[in-house]
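>>> model this:
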Amino acid sequence: MDEVCGKNEYLFIFTCKECFVCSGNVRHSKNIAKPKNLTTKYTAMKTLIVTLFLLFTWPENERGLLITEDRIMLVIDQNTTELELKEYKKKLASEYKINVDYKLKFNGSKKVKSVELSVDCNDGFKGNMKTLFMNENQKAGFTRDYSKQAATPFLIGSL
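Sure, this is the predicted structure:
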């Protein structure tokens, strides 16, 4: 009963009378509650929750630069102009020490077709993203949350 079957990849141990895998009396582990790579799944779940929160708390017709006491959010959509982005870049650099670089491509209707965005918050948080706008409702940008209880202090990409 002290032998451990090597044909399993589980976490919890129980003793069985007969093993169906190796046909013997051995101790087995069984994964009932936790996945093997819990950290990766937890991080992915956290990111999904934050993205959904931002998606449902940001008014559908809003875009631009939103600044609150502990959060900065830049939302770009097809109607964002290069002049607006120049103003946002200047304000973020001068008042918040956040460096933003961007590259826009426009379609024939003078709407943003794609955006490349690079953000450096100068506090260890930085990132890059590139997106192609496929419809009118699609938004992209970044969020920097300075609150101590922030689940995701920095997020960049599709919003």
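>>> Skip the chain neighbours and tell me the closest residue to residue 100.
residue 89 (4.6 Å; CB to CB, 6 or more residues apart in numbering). Quick note: C-beta positions are derived from backbone N, CA and C, even for glycine.
>>> Show me what the helix or strand containing the one you found is packed against.
Residue 89 belongs to helix 82-96 when assigned by DSSP states H and E. On a contact count with 3 or more CB pairs under 8 Å, 6 or more residues apart in numbering; DSSP states H and E, helix 82-96 meets strand 64-67, strand 71-76, strand 99-106.
>>> circling back: the residue nearest to residue 100 contacts residue 96, correct?
No - using CB atoms under 8 Å, residue 89 makes no contact with residue 96, being 11.1 Å away.
>>> Residue ranges in the protein under the pLDDT threshold?
Applying pLDDT under 70 to the chain picks out residues 1-61.
>>> Going along the chain, name the strands of it.
12-15, 27-30, 64-67, 71-76, 99-106, 112-120, 126-132, 140-145, 154-158 (DSSP state E).
>>> what pairs with the third one, and is each one parallel or antiparallel?
Strand 64-67 has these partner strands in its sheet, going by DSSP bridges: strand 71-76 (antiparallel).
>>> what angle sits between the helix holding residue 89 and strand 99-106?
170 degrees (axes from the mean of the first three to the mean of the last three CA atoms, to 10 degrees).
>>> And for residue 66, the neighbour number?
Neighbouring residues of residue 66 were enumerated by other CB atoms under 10 Å; the total is 15.
>>> Without its sequence neighbours, what residue ends up closest to it?
Nearest residue to residue 66, sequence neighbours excluded (CB to CB, 6+ apart): residue 73, at 4.4 Å.
>>> Alright, calling it a day.
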